[in-house]
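Q: sequence first, predicted coordinates after that:
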Amino acid sequence: MRWLLVDRIDELVVGEHVRGAKAWTMSEPWVQDHFPGFPVVPGVLLLESMAQISGKLIGYTVRKQRGDWPFPIFTMAEKVKFRRFVRPGQVVELKSSFIALREESAVMKVRALVDGKVCAQAEETFVFNAVAFEDEAESLRVEGLEKKALAMLWADCPKEDR
């Protein structure tokens, strides 16, 4: 089962920021229990959505800057704040920008907004490629998966990166 928690990427600027969206529906499996009579999107799903869109920005930026396609792993969230409920059916705008990009890690400023109002925000840390793939075929397979996912989400993805 794949947890794809980004519906689309609207803008991606290498080395700077990404903006996209996610909307959950009333048919999500957690809606009945979180919470009965007043369904809200769990905060952990908002954090993961922001992490997933950040991962696309990190991956594409590193690809453009150093040539390889990393596999960013979300390792830490700090300064997490949940400010408003997000209800199924609402479109959540996801924003992420670099605070720092290092050889094997990145720190991102992330926000989730509904109708222009911040619902959640955090600083998320990622690590990647601390140990390179030993098998070149595996490296190419992961790169292919990342390219395919990026092209699926980002209508303006350059053709050479699909």
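A: In hand now; what should we look at? Keep in mind that this is a model prediction, so the values were computed, not measured.

Q: need the longest helix for this structure.
A: Longest helix in the chain by number of residues, with DSSP state H as the criterion: helix 43-66.

Q: got the angle between the next helix-or-strand element following it and helix 43-66?
A: Using DSSP states H and E, the helix or strand that follows helix 43-66 towards the C-terminus is strand 73-82. Counting by axes from the mean of the first three to the mean of the last three Cα atoms, to 10 degrees, strand 73-82 lies at 130 degrees to helix 43-66.

Q: coming back round to it: send me the longest helix of the chain as CSV with only the CA atoms.
A: Listed in CSV are the C-alpha atoms of helix 43-66, where the atom choice follows Å, rounded to 0.1, in the frame of the first residue of the first chain:
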residue,chain,number,x,y,z
GLY,A,43,-2.3,15.9,12.3
VAL,A,44,0.1,13.1,11.5
LEU,A,45,-1.3,13.0,7.9
LEU,A,46,-0.8,16.7,7.6
LEU,A,47,2.8,16.3,8.7
GLU,A,48,3.4,13.4,6.3
SER,A,49,1.8,15.4,3.4
MET,A,50,4.2,18.3,4.0
ALA,A,51,7.0,15.8,4.2
GLN,A,52,6.1,14.1,1.0
ILE,A,53,6.0,17.4,-1.0
SER,A,54,9.3,18.4,0.7
GLY,A,55,10.8,15.1,-0.4
LYS,A,56,9.9,16.0,-4.1
LEU,A,57,11.6,19.4,-3.8
ILE,A,58,14.7,17.9,-2.1
GLY,A,59,15.0,15.1,-4.6
TYR,A,60,14.6,17.3,-7.7
THR,A,61,16.9,20.0,-6.3
VAL,A,62,19.7,17.5,-5.5
ARG,A,63,19.2,15.9,-8.9
LYS,A,64,19.7,19.2,-10.6
GLN,A,65,22.6,20.3,-8.4
ARG,A,66,24.7,17.2,-8.2
